[in-house]
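Q: got a predicted structure plus its sequence, pasted below:
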Amino acid sequence: MDRTGEAIFRERLLPYALVVPQLAIVVIFFLWPTVRAIYESFEETTAFGTGARFSGLTNFVNAFTVADELGTIEVTVILACLTTALAMGIGLFLAVEVDQTGRGRRVYRTLLIWTYAVPSAIAGALWLFLFEPNVGAGARLLVDLGVNWNFALHSVQAFALLVAVIVWQQAAYNFLFYTAGLQMIPRDVVEAADIDGASRLARFWRVIFPLLSPQTFYLLVMNVLYAFFSSFALIDVITHGGPGNATTTVVYQVYRDAFQNGNTGLGGAETIFMLLIAVALTAVQFRFLNRKVFYR
Amino acid sequence: MSSHIRSASKALAALLASAVGLLPATGASATTNMGTSHSGSRVTITFWSAMSGSHGGDLVHLAKEFNSSQSTYTVDVLYKGSYSDTLSATIAAVRARRPPDISMVFDAGTATMMDATGVYVPVYKLMSEYKYKFATSQFIGGAGSYYETAKDQLDSLPFNSSTPVLYSNKPLLAKAGIKAPPKTWAQLANDVKPLVSAGAKCILSATGAYIMWTDMEQFAMWNGFPYATDNNGYDSIKPTLLLTSKPMVQHWQFLGGLGKRGLYRWSGTTVSTVPNFTDGSCAFYEQSSADLTEIEAGAKFPFDVTELPFVAGSPAAPQNTVVGGASLWVLSGAPQNTYKGDAAFLHFLMSPSAQDYWATQTGYVPVTNAAFNRLNKEGYYKTHPQDLVAIRELTNKPPLPYTRGIRIGDLPQVRVDEAAAISNILSGKESAAKALATAQAQGNKVIAEFAAEYGG
């Protein structure tokens, strides 16, 4: 056997030492909190953590009665579907259009990617400032157009505003990946379709779009994840989950119950539901969608 | 090579160890690490506050005055964010076993604190241990009653205290031919028509974050009816909300009616409503008496400050309002040598000179009778009659058992449910009766859950 290609570790502990930092991070920031959440979800304590005692499934029941677990799941799912469809559609459309422009392509690209460079909290503050019911310039415009604008009172408006900000940010991200994907499609495939007399639409849907399926799959996962988890900053800055629970996602509810209201048991139970949703989502995505992806 | 890695991983391990060490702290000595300013042999007292801006500056001024008045203790005021943020931070700090020495907890957090026996050192006990004269009766009505226990003792020191009053836009009223601000809600309703004819775009607005404080909690007390059973929770850990009482529903029907016509302005709990009044849009404005200075600074027109309207025909109305604001809690688990300093600082804060500085600078009411009498004697209220309105409301009548205050665990969470109902009423999405019933049912669940946490 030829062993020259293998690394030789004289010290037996070194390999372990090398993985320890990674493992420590995983254990401290992922496993330990998960174990804590599971543990605390079976406990009832006061806000101050005193008087902890085993409470069976009380917290899991409370998640549906005291808190609004079903409502927040509904909000999260609708938010994820709407923002993913819109942001990916817009990103793809813009990428294809820009790809076909001759000159000025670079300028368009830079300008269209810009919005993704804005951090969520700042984007949230920006949009809040624009659409704040009393002083926002965008709000005044809507009022002039005859809209009774006050997103603090009208849940549909709050939800629409949140969707708009997420799409505004995510479309740029999707645009970036689709642009890269389009550049990787070999010219000859597209030209062959042209020679066969395919129309522009047919060429796009039968040739280009299938070749973009790895990007589409990746972006689908990323957009859904964004709506589920990263939308937190925008919600916290713009709507605080309101009015009522109209923009309270699963993550925001965990934050409110566990950190703001100090009910760690309830927060733990909600975290477990969130964990189950995340597992289910990942399983679905990789089992069913991955099959349709065409990797070259 | 490998030694590099070893030292690097050692450093990382040390870092992680120190990070872990931060979480479950090491008990009693922890608080000494909290303060950032150690000045010589002085003992640092960490004071978490929810006051920013000019009020925050006034508070720091008082702490500095205390610090320079003696040489043993240094009070270190730390701004921890909004009232809710400060309470959340305090709870988190207690759980991590490194609480501050003193924390400012807002009115709605009172029951949450009070029921957490062992987390705090009751102020009345602290003061008697260090031989300071301290009794609930030293505090003005509405302030003492709000924070006293069922046994009339004060577990915390009532501090920044205010109460809602009615602000009226004088020129707008004059334009509509209205001679005086309304004394009752019926009069206010009558004023709507002439005001609209005179071109008023908005009849009424109320505080943004605390509209449920003005128009539910204080509304119940001012009109002399209970907000919840068991004397608003003073007598039980598990009271039931009474949000669907007749006067409450009728009041919100009226506000919802204004809302539907665009004559009521409110934009959720995160948006300040002060500009609605100071830019001249709204004729009337229910807001804390402590916002007087801000309104004076913003309004470019003369305005009136009067007592809140009451419901004519309510047998007890007008009854009394209670304070809103915050009280100061002394937390357990600090080194023994800090408590004497805590007591001295609290004693300083309730002294007439500190209270009078605080009241005249901020617009909060002086919280002790001695401080009020001193200001009164100096003729302050002759030159500042508007500051007297809040005191008149707070002391209008001796409180009934259910107008002493509100003692409900997790009240901040109940307020969130109330805010949801208010959105639905003002946007016309739901009737007042339906929205209030939903908030009541949801709030009762929150209260029951709080009671369950304490085994109730």
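A: Received, thanks.

Q: tell me the confidence at whichever residue of chain A sits closest to chain B?
A: Residue nearest to chain B within chain A: A:Ala152 (2.6 Å; CB to the nearest CB). Yep, even glycine has a C-beta here, placed from its N, CA and C like the rest. pLDDT for A:Ala152: 86.

Q: which of the three states applies to it?
A: With DSSP: H, G, I helix; E, B strand; the rest coil as the basis, A:Ala152 sits in coil.

Q: just the pLDDT for the residue nearest to it when sequence neighbours are not counted.
A: Spatial nearest neighbour of A:Ala152, chain neighbours left out: B:Gly268 (2.6 Å); criterion: CB to CB, 6 or more residues apart in numbering or on different chains. B:Gly268 carries a pLDDT value of 87.

Q: give the contact list for the closest residue to B:Gln187 other than its chain neighbours.
A: Nearest residue to B:Gln187 in three dimensions, chain neighbours excluded: B:Pro309, at 7.0 Å (CB to CB, 6+ apart). By CB atoms under 8 Å, 6 or more residues apart in numbering or on different chains, B:Pro309 lies in contact with B:Leu166, B:Pro182, B:Lys183, B:Thr184, B:Trp185, B:Gln187, B:Leu188.

Q: mind putting those into CSV with pLDDT and secondary structure?
A: Compiled in CSV, the contacts of B:Pro309 are given as follows (pLDDT from 0 to 100; DSSP: H, G, I helix; E, B strand; the rest coil):
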residue, pLDDT, secondary structure
B:Leu166, 97, strand
B:Pro182, 96, coil
B:Lys183, 96, coil
B:Thr184, 96, strand
B:Trp185, 96, helix
B:Gln187, 96, helix
B:Leu188, 96, helix
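
Q: residue ranges for the strands of the stretch 1-150 of chain A, please.
A: Using DSSP state E, counting those that start in this stretch, the strands found in the stretch 1-150 of chain A span residues A:43-44, A:53-54.

Q: partners of the first one in the sheet?
A: Which is strand A:43-44. strand A:53-54 (antiparallel) (DSSP bridges).

Q: what mean pLDDT does the partner strand have?
A: Averaging pLDDT along strand A:53-54 gives 86.

Q: next one: it to chain centre, how far?
A: Remark: strand A:53-54 is offset 35 Å from the chain centroid, using CA atoms, centre = their mean, to the nearest Å.

Q: shaky segments in the chain?
A: Using chain A here. A:1-9, A:290-296 (pLDDT under 70).

Q: meant chain B, my bad for not saying
A: Chain B contains residues with pLDDT under 70 at B:1-40, B:456.

Q: can you list the residues of the stretch 101-250 of chain A near chain B?
A: A:132-135, A:148, A:150-155, A:240, A:242-245 (CB under 8 Å from any CB of the partner chain).

Q: buried subset of those?
A: Buried residues within these, counting neighbours by 16 or more other CB atoms under 10 Å in any protein chain shown: A:132-134, A:150-155, A:240, A:242-245.

Q: grab the nearest non-local neighbour of whichever residue of the stretch 101-250 of chain B sits closest to chain A.
A: Minimum separation of the stretch 101-250 of chain B from chain A (CB to the nearest CB) falls at B:Ala116, amounting to 4.6 Å. Spatial nearest neighbour of B:Ala116, excluding adjacent residues (CB to CB, 6+ apart): A:Phe48 at 4.6 Å.

Q: likewise B:Pro182?
A: B:Leu188 (4.0 Å).

Q: so A:Val189 sits against A:Leu211, correct?
A: Yes. With contacts counted by CB atoms under 8 Å, A:Val189 reaches A:Leu211, the gap being 7.2 Å.

Q: neighbour-wise, which of the two wins?
A: Using other CB atoms under 10 Å in any protein chain shown, the more surrounded residue of A:Val189 and A:Leu211 is A:Leu211, with 17 against 13.

Q: distance of that one from B:Glu217?
A: Per CB to CB, to the nearest Å, A:Leu211 is found 63 Å from B:Glu217.

Q: hmm, the helix or strand hosting B:Ile203 touching chain A?
A: Using DSSP states H and E, B:Ile203 falls within strand B:202-206. No. Using CB under 8 Å from any CB, strand B:202-206 stays clear of chain A, with a minimum separation of 10.3 Å.

Q: run through who's touching that strand.
A: Residues outside strand B:202-206 that contact it (CB under 8 Å, 6+ apart) are B:164, B:188, B:191-192, B:195-196, B:214-215, B:255, B:258, B:262-266, B:273, B:276-277, B:281-287.

Q: which SSE is immediately downstream of that strand?
A: Per DSSP H and E, strand B:202-206 leads on to helix B:211-212 as the next helix or strand towards the C-terminus.

Q: the next helix or strand after that following helix - contacts with which helices or strands?
A: Sequence order places helix B:218-222 as the next helix or strand after helix B:211-212, per DSSP H and E. Applying 3 or more CB pairs under 8 Å, 6 or more residues apart in numbering or on different chains; DSSP states H and E, one finds that helix B:218-222 contacts helix B:246-260.

Q: follow-up on the earlier one: how much space separates the residue of chain A closest to chain B from B:Ala92?
A: Between A:Ala152 and B:Ala92 the distance is 28 Å, computed by CB to CB.

Q: what of B:Ala420?
A: B:Ala420 sits 26 Å away from B:Ala92, going by CB to CB.

Q: for chain A, what is the nearest residue in chain B?
A: Counting by CB to the nearest CB, chain B gets nearest chain A through B:Gly268, at 2.6 Å.
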